[in-house]
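Trainee: just coords:
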Ligand SMILES: Cc1cn([C@H]2C[C@H](O)[C@@H](COP(=O)(O)OP(=O)(O)O[C@H]3O[C@H](C)C(=O)[C@H](O)[C@H]3O)O2)c(=O)[nH]c1=O
């Protein structure tokens, strides 16, 4: 596997190295030595799955506030998503900047999202599933988020969402 840096410091694209043969392929999806060498977490105390029957479903953008911010390793295990991370780190040179890419069951890419980022995705196909490895335990009292169309970020989504929660639709503007 390969960790590809992005323009947002610490946000990494995880590119698998598939071993293909006439049966199909095999690829490592996580390697503690590779992650440790890059200074990334190697412990994932909780893992989650997110099932989304409808194309155009938007979830996020979410983050867990201090003192328990969540690093995440996100991959799409069925269908396709446009995955987005927004840098909310105080003092970051790229604060309020976003990065997005397509994650899919076909490309098997993952996105490593450091603590201090908000994360969200838009499904690009029906019957899409997303798998998360979480670097911190969930604490609902610290759950927070920013709005997908907040002018502070100017995220270029491939399409407008057709389905999102009332909470996700009504986060207040981010105080940039
Ligand atoms: C996130 C989370 C939620 N829950 C419970 C809380 C709710 O009763 C239920 C659904 O939670 P929520 O509506 O926040 O789920 P999503 O809207 O899919 O949120 C997720 O989607 C965005 C894109 C993310 O990046 C986050 O990982 C996560 O916030 O699961 C848990 O028990 N553990 C968890 O880690």
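Mentor: Received, thanks. From a predicted model like this one, the values you see are computed outputs, not experimental measurements.
Trainee: low pLDDT regions in this protein?
Mentor: Within the chain, the stretches with pLDDT under 70 are 176.
Trainee: In it, what residue spans correspond to helices?
Mentor: Using DSSP state H, the helices of the chain run over 32-37, 166-169.
Trainee: I'd like those helices written out as a markdown table, with mean neighbour count added.
Mentor: The C-beta positions use only the backbone N, C-alpha and C, and glycine is treated the same way. Putting these into a markdown table (neighbours: other Cβ atoms under 10 Å) gives the following:
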| stretch | mean neighbour count |
| --- | --- |
| helix 32-37 | 12 |
| helix 166-169 | 12 |
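Trainee: residues touching residue 78, list them.
Mentor: 105, 127-129 (Cβ atoms under 8 Å, 6 or more residues apart in numbering).
Trainee: Intersect those residues with the contacts of the ligand.
Mentor: On the criterion Cβ under 6 Å from any ligand atom, none of the entries of the contacts of residue 78 sits beside the ligand.
Trainee: roughly how far apart are the closest residue to residue 67 other than its chain neighbours and residue 55?
Mentor: Using Cβ to Cβ, 6 or more residues apart in numbering and skipping residues adjacent in sequence, the residue nearest residue 67 is residue 142, 8.0 Å away. Separation of residue 142 from residue 55 (Cβ to Cβ, to the nearest Å): 31 Å.
Trainee: Next: residue 46.
Mentor: Computed as Cβ to Cβ, the residue 46 to residue 55 distance reads 28 Å.
Trainee: Show me which residues of the chain sit near the ligand.
Mentor: Neighbours of the ligand within the chain, by Cβ under 6 Å from any ligand atom: 48, 50, 59-60, 62, 119-121, 132, 138.
Trainee: Pull the most distant pair out of those.
Mentor: In terms of Cβ to Cβ, the residues of the chain next to the ligand reach their longest pairwise distance at 121 and 138, which sit 17.8 Å apart.
Trainee: Thank you, goodbye.
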